[in-house]
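>>> Show me how the following folds:
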Amino acid sequence: MSLTVFLLHMLPIVTAFQTTHRSDTVAPSGIHQYRYQHQLNPSSLPSPSSPSHFNIIPAVLQSTATSTTSPSSPDKQSFNSFNYSSHWYPVIWARDVPLNNPIRVTLFDVDYVLAKVKLPKNNGNGSADDDDTNNHDGDDEEVFYAMHDSCPHKKVALSEGRITSCGSPNKQYLQCSYHGWSFDGRSGKCVEIPQTVIFKRGAIVVDNDDAKISSDATKKKRREDATVVATTQVQGMVWIHPSLTPLEALSLMEEGKLSPPPRIPEVDLPGYRTTVAVRDFPIDWTVLMENIMDPDHGFFAHASSGAATGFDWYSADGEENVMDIEEDFMGGKGWTITSRVNAVDKLGKYNAQMRAGDVEKGKDSSSTESTKEPPKLATTTFVAPSLISLGRRQNNTAPSQFITGFWICPVGTGKSRFMSAAISKSPISIPRWLVHMNLNNFLDQDTFLLLGQHRAVLKQEAEGYLQNGDGPNNVRKSTYVYRSPSEKMGARIGQFFDATLSRVPNRKDALLAWYNRSNNDNKLFEAWPPRELILDRYNQHTKICPDSMGLVKNCDKVMRTSSVLGLGLLFVKICSNSMVQKTKRSLANPFSNELPTSLSALKHIAASVRSSLSPIINALIGCLLQHKTFYTCLSIALFSHWLASRVKREFYFKFNEDLHRKDVKYIANNWMDL
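Predicted coordinates:
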């Protein structure tokens, strides 16, 4: 599941799969689309040239990020102030949101409608950022609106609606497709109810006064108004703040009371390129995060990927290479944890020595390596609650030449959205869908394995709520068995989840509902889901990735075209051979009555063809019917159909039981059976 190997550790492969930094990332200076008549204070934003630029702690909180906590004596009380409702959450890559086509995103089991529109700059709807060059046409800029996916009228999903100007130039509103109610995306105000516009009294009509809309946002919400939430776009990612309106978020950011979403510094540096990926999983988001930050599983779960070395860099051996942990509570406003360990072979080196029967000599050789340049530090950083980054650095503050970022959206209880980016200085750019073809194979290797962990953790958590109410729940402490020196960070993250998950919005109710449906005498009787459901690439990835969906559609076109061309060639060849054979039989029997008829028919057909086809087409058909040319063209058509079908297959369910069993056999290549 962890993209640690495929993107970060398979550097020779991944660096080839890059799209340009400017097209994949947007670095807005705040929630610009909700400025109204306000201007965001630039001093509250991160500075790429600041000394702390390579600290991905949110910029507003960097001034308070000074204290660290030793993991050797963890204080669970320090997590008491962590509030999940006070943070930004990534929901989708901006490039994957279709223009003027509302979509549904989910956060903490709550559905939101998200819309991307283009509006003129400085028209009251927003203002442009200096570095925002993503899909701008002239003086237009992209703006994102988000609100609860429920029309106030009859609770129909607004994501099934459309974007309309309601007859007003330079305006874009979200219209429900059931009765036509329209809403302003900045304030949620209902600006039009078509059935009332003919009345002179009590009518709700379009209001073009931006100042009035802005002031209305501070007033009490009317029953006909939608519930709008703040959004912002940072480094190509769309973020939602579930507890704030756009105006509230803007005001708090100006006052320095709300941090913008965390950033990965390398994304903003010149010369870096990024490749982004997305996939939804029926796996709880906490389990997914733990998997990403677990380096030990790569030797086994991803044995066939050939990336054991990459995982090994981030592991610890408890002797020469001990993992160092640093924490920061950001003045009570958040939590960041960073692990560092020497990026050298550990398990891989020991395994090679064991196979060679020379472990002691391998240990002694370390003394000769002490004179070499110090190894890089394999650094893993988790900025709660959503961002993880991994990269090898020369020191604690140096930029990484290659880094992997993970943005995990807590879609809901038992669900997650996995978004990642490979960030490097590679000069090569290869289409995004090509990365996804390989990435999906990689992710399938351990996703089904996580299902067992997912079920056990959720069951234990639900039982904890039944026994202890809303208090902290020692789920991971009582469920997991930590023994590896590489699990130093994982154990601390487990403590964080145990102390805070009871405060996740809607989690307890959703979890108990699942438990009550699936539990009988403290045993889960819910059927184990099939691989086809857990590893359904089409619904989890292809449908939500425009690049992959576009490739699948192109494959369908190639398959149809090659089929038509191949069948057409065969038909023409068969008809031609039939004509020739019939003519030869007639000429071989001069007394046959068929001769005049056959010859006259052949002459008639030939005359008709000559009169209807140009000489160029005649020459082309004649060339195609030649033995060598015919079979060459037919082979190209068949190969095109085969290749397109193989590529298309990569975006549907693929990793069946047989492939898994073949995969498991590769473990012996990485770890010797002692």
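>>> Spatially, what comes nearest to the spatially most central residue of the chain if we skip its sequence neighbours?
When CA atoms, centre = their mean is applied to the chain, the residue found nearest the centroid is residue 278 (1.8 Å). What sits nearest to residue 278 in space, not counting adjacent residues and going by CB to CB, 6 or more residues apart in numbering, is residue 419, at 5.0 Å. For every residue, glycine as well, the C-beta is placed using N, CA and C.
>>> Give the bridge partners for that neighbour, please.
residue 278, residue 407 (DSSP bridges).
>>> With residue 338 instead?
In beta-bridge terms (that is, DSSP bridges), residue 338 pairs with residue 326, residue 381.
>>> my guess is it contacts residue 326, does it?
Yes: applying CB atoms under 8 Å as the test, residue 338 and residue 326 come out as touching, 4.8 Å apart.
>>> So if I had to pick from the two, which one is more boxed in?
residue 338 (21 against 15; other CB atoms under 10 Å).
>>> residues contacting that one?
Residues counted as contacts of residue 338 (CB atoms under 8 Å, 6 or more residues apart in numbering) are 325, 326, 327, 379, 380, 381, 382.
>>> Can you pick out the most distant pair from those?
Using CB to CB, those span at most 14.1 Å, a distance reached by 327 and 379.
>>> These two: who's more crowded?
Comparing residue 327 with residue 379 by other CB under 10 Å, the one with more neighbours is residue 379, at 23 against 20.
>>> what's the helix or strand for that one?
In this assignment (DSSP states H and E), residue 379 forms part of strand 377-383.
>>> Residue 398 now?
Using DSSP H and E, residue 398 maps to neither a helix nor a strand.
>>> what about it, distance to residue 666?
Counting by CB to CB, to the nearest Å, the gap from residue 398 to residue 666 is 35 Å.
>>> do the same with residue 424
Residue 424 sits 27 Å away from residue 666, going by CB to CB.
>>> With neighbour numbers in mind, choose between these two.
residue 424 (25 against 15).
>>> Return the backbone torsion pair for the more buried one.
phi -160, psi 170 (degrees, to the nearest 10).
>>> With adjacent residues omitted, what lies nearest to it?
What sits nearest to residue 424 in space, not counting adjacent residues and going by CB to CB, 6+ apart, is residue 402, at 4.3 Å.
>>> Would you agree the one you found is in contact with residue 393?
No: using CB under 8 Å, residue 402 is not in contact with residue 393; the gap is 10.4 Å.
>>> and residue 463, which of the three is it?
Using DSSP: H, G, I helix; E, B strand; the rest coil, the structure places residue 463 in helix.
>>> hmm, back to that, output the strand holding residue 379 as CSV, restricted to C-alpha atoms.
The C-alpha trace of strand 377-383 is given here as CSV (Å, rounded to 0.1, in the frame of the first residue of the first chain):
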residue,chain,number,x,y,z
LEU,A,377,19.3,10.6,6.7
ALA,A,378,16.1,8.8,5.7
THR,A,379,13.5,11.2,7.0
THR,A,380,9.8,10.6,7.6
THR,A,381,7.6,13.4,8.7
PHE,A,382,3.9,13.2,9.7
VAL,A,383,2.0,16.5,10.0
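>>> pLDDT on it, on average?
What strand 377-383 shows for mean pLDDT is 94.
>>> what comes into contact with that strand?
Contacts of strand 377-383 (CB under 8 Å, 6+ apart): 56-58, 262, 289, 293, 313-314, 334, 336-343, 388-396, 400, 489, 493.
>>> Please convert the buried members of those residues into PyMOL selection syntax.
Buried residues among the contacts of strand 377-383 (16 or more other CB atoms under 10 Å), as a PyMOL selection:
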select buried, resi 56+57+58+262+289+293+313+314+334+336+337+338+339+340+341+342+343+388+389+390+391+392+393+400+489+493
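>>> Give me the subset of the contacts of strand 377-383 lying in strands.
The strands, defined by DSSP state E, take in 336-342, 388-393 from the contacts of strand 377-383.
>>> Extract the residue ranges of the stretch 501-650 of the chain that are flagged as low pLDDT.
520-525, 576-627 (pLDDT under 70).
>>> Okay, strands next: where are they in it?
Taking DSSP state E, counting those that start in this stretch as the criterion, the stretch 501-650 of the chain contains strands spanning 519-520, 523-524.
>>> With just CA atoms, put stretch 149-157 into PDB.
The C-alpha coordinates for stretch 149-157 follow below in PDB (Å, rounded to 0.1, in the frame of the first residue of the first chain):
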ATOM      1  CA  ASP A 149     -24.100  18.200  -0.800                       C
ATOM      2  CA  SER A 150     -27.700  18.700   0.100                       C
ATOM      3  CA  CYS A 151     -30.100  21.200  -1.300                       C
ATOM      4  CA  PRO A 152     -32.000  23.000   1.500                       C
ATOM      5  CA  HIS A 153     -35.200  22.600  -0.500                       C
ATOM      6  CA  LYS A 154     -35.700  18.800  -0.500                       C
ATOM      7  CA  LYS A 155     -32.300  17.500   0.300                       C
ATOM      8  CA  VAL A 156     -31.300  16.500  -3.200                       C
ATOM      9  CA  ALA A 157     -27.600  16.100  -3.900                       C
END
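>>> OK, contacts around the residue nearest to the centre of the chain?
The contact partners of residue 278, by CB under 8 Å, 6+ apart, come to 92, 93, 96, 417, 418, 419, 420, 541, 544, 545.
>>> and with 7 Å instead?
By CB atoms under 7 Å, 6 or more residues apart in numbering, residue 278 lies in contact with 93, 96, 417, 418, 419, 541, 544, 545.
>>> How about residue 92?
By CB under 7 Å, 6+ apart, the residues touching residue 92 are 105, 114, 238.
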